[in-house]
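Asker: Test case, fold it:
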Amino acid sequence: MYRFLVVTDPETAAGFRLAGVDVVEAAGIEEAGAILPDLLYRDDTGIVAVNEEFMAGLDPKILGKMERTHRPILIPIPSGAGKGEGIGYVERLLQRAIGSNIVVRR
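Answerer: Take a look at the predicted model:
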């Protein structure tokens, strides 16, 4: 069975732990950028939810590689400082998965 992981800042990590989710804390964008590529090569990880602020700061090459992999699936989660950049990523994921463009509206 594959694991569901959340990569987020220390302030929101406790809430995810209370919900029973495995959490990897990152103090900032640089630390998250170092953690995420390693998750690509883990056999037990199925879904990785990432603070959208961290995801927006990822190197485009790393993000592109993560988008092309089938597992783990990378999903942005809203952060208090985020501006909704994750919506476009979710739309691209849906288009790749089902072959049609789905527009996500708030």
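Asker: Who are the contact partners of Arg71?
Answerer: By C-beta atoms under 8 Å, 6 or more residues apart in numbering, the residues touching Arg71 are 2, 45-46. In short, each C-beta sits where N, CA and C put it, glycine included.
Asker: Include neighbour count, pLDDT and secondary structure when you put these into TSV, please.
Answerer: Rendered in TSV, the data for these read as follows (neighbours: other C-beta atoms under 10 Å; pLDDT from 0 to 100; DSSP: H, G, I helix; E, B strand; the rest coil):
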residue	neighbour count	pLDDT	secondary structure
Tyr2	13	84	coil
Thr45	18	84	strand
Gly46	13	85	strand
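Asker: Among the residues you listed, which one sits closest to Val23?
Answerer: Top of the list for closeness to Val23, among those and by C-beta to C-beta, is Thr45 at 13.0 Å.
Asker: residues in contact with the closest one?
Answerer: Residues 2-3, 5, 39, 71-72 are the ones in contact with Thr45 under the rule C-beta under 8 Å, 6+ apart.
Asker: Closest to Leu58 out of the contacts of Arg71?
Answerer: Using C-beta to C-beta, Thr45 is the member of those that lies nearest Leu58, at 16.7 Å.
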